[in-house]
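**Student:** okay, structure incoming, though there's no sequence with it:
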């Protein structure tokens, strides 16, 4: 680790970071990396998947149960965090899921609303609730998880693509509103080999219509991403090495989308 703080890629030792969607594949890897860097981590997710993590995570990680689509639940979760720490130095929003691939003409309005709420609405509710703590933090940084599908359209993902594209617009507005004290950026991963591809952690396992073998053939780096591929960019955007970056989208896709 460099002695120069501006070259440190992870948040500073002792930084307080909240991770929403902490029990998912990317979330688990992010929580573990932040804890290893000496951060104080609040792992936030639904109660059932969080309970499965209790024997895996060290005692230094504080679990906070939440329904990220319910405003009252989100407010209660961040009130609990505020009772334990005076400020947050970082917020990572990884909550989200998609339903099986369905053409828009056949998409049920309830399925549309469920995906919008789980991905876009939850980001708004969590960012809003975290703002008072972030404004008290040390060079606070927010990282929102979008998707390559927000900019590279594929049939069957109408609600998910719309939610993730909306999240990018929301990120840019939030970055403008929270500057200069706080930074806000997004990552946009391609497919990642996690339970998300079967519906998401804490949700019913179901086929989403994703063909991994066909997908890998289209990726220049010739493999599907693993959670650790996404953790590095998250830590970078949280840490001091990205101190002059805000309102940006970092694509992490093995060359699938080159911009």
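**Tutor:** Right, received. Where do you want to start? Note that the structure is predicted; figures quoted are calculated from it, not measured.
**Student:** ok, residues contacting the one helix or strand in the chain whose mean pLDDT sits lowest?
**Tutor:** Least confident helix or strand of the chain, by mean pLDDT, DSSP states H and E, is helix 212-217 with a mean of 85. Applying CB atoms under 8 Å, 6 or more residues apart in numbering, the contact partners of helix 212-217 are 191, 193, 197, 222, 223, 224. Quick note: C-beta positions are derived from backbone N, CA and C, even for glycine.
**Student:** which two in those are spaced the farthest apart?
**Tutor:** 197 and 222 (18.1 Å; CB to CB).
**Student:** more neighbours, the two?
**Tutor:** In this view residue 197 and residue 222 are compared by other CB atoms under 10 Å, and residue 197 has more residues nearby, 17 against 10.
**Student:** ok so the more buried one is a helix residue?
**Tutor:** Yes. Under DSSP: H, G, I helix; E, B strand; the rest coil, residue 197 sits within a helix.
**Student:** and it, what's its pLDDT?
**Tutor:** Here, the pLDDT recorded for residue 197 equals 72.
**Student:** shouldn't it be in contact with residue 191?
**Tutor:** Yes. Look at residue 197 against residue 191 with CB atoms under 8 Å: they come within range, at 6.8 Å.
**Student:** pLDDT weak spots in the stretch 51-200 of the chain?
**Tutor:** Along the stretch 51-200 of the chain, the model assigns pLDDT under 70 to residues 196, 198-200.
**Student:** how about the helices in it?
**Tutor:** 71-84, 109-116, 122-134, 158-178 (DSSP state H, counting those that start in this stretch).
**Student:** from the contacts of helix 212-217, which is closest to residue 32?
**Tutor:** residue 193 (16.6 Å).
**Student:** quick one: that closest one from residue 227, how far?
**Tutor:** Counting by CB to CB, to the nearest Å, the gap from residue 193 to residue 227 is 8 Å.
**Student:** which of these two has more residues huddled nearby?
**Tutor:** residue 227 (20 against 14).
**Student:** quick one: contacts for that one?
**Tutor:** 25, 26, 28, 29, 30, 192, 193, 194.
**Student:** spatially nearest residue to it (excluding sequence neighbours)?
**Tutor:** residue 29 (3.7 Å; CB to CB, 6 or more residues apart in numbering).
**Student:** now the common contact residues for residue 193 and residue 227.
**Tutor:** Counting by CB under 8 Å, 6+ apart, the residues touching both residue 193 and residue 227 are residue 25.
**Student:** beta partners of residue 184?
**Tutor:** residue 142 (DSSP bridges).
**Student:** what residue is smack in the middle of the protein?
**Tutor:** What sits nearest the mean C-alpha location of the chain, by CA atoms, centre = their mean, is residue 94, with 2.1 Å.
**Student:** tell me how many other residues crowd residue 186.
**Tutor:** For residue 186, the tally of surrounding residues (other CB under 10 Å) stands at 27.
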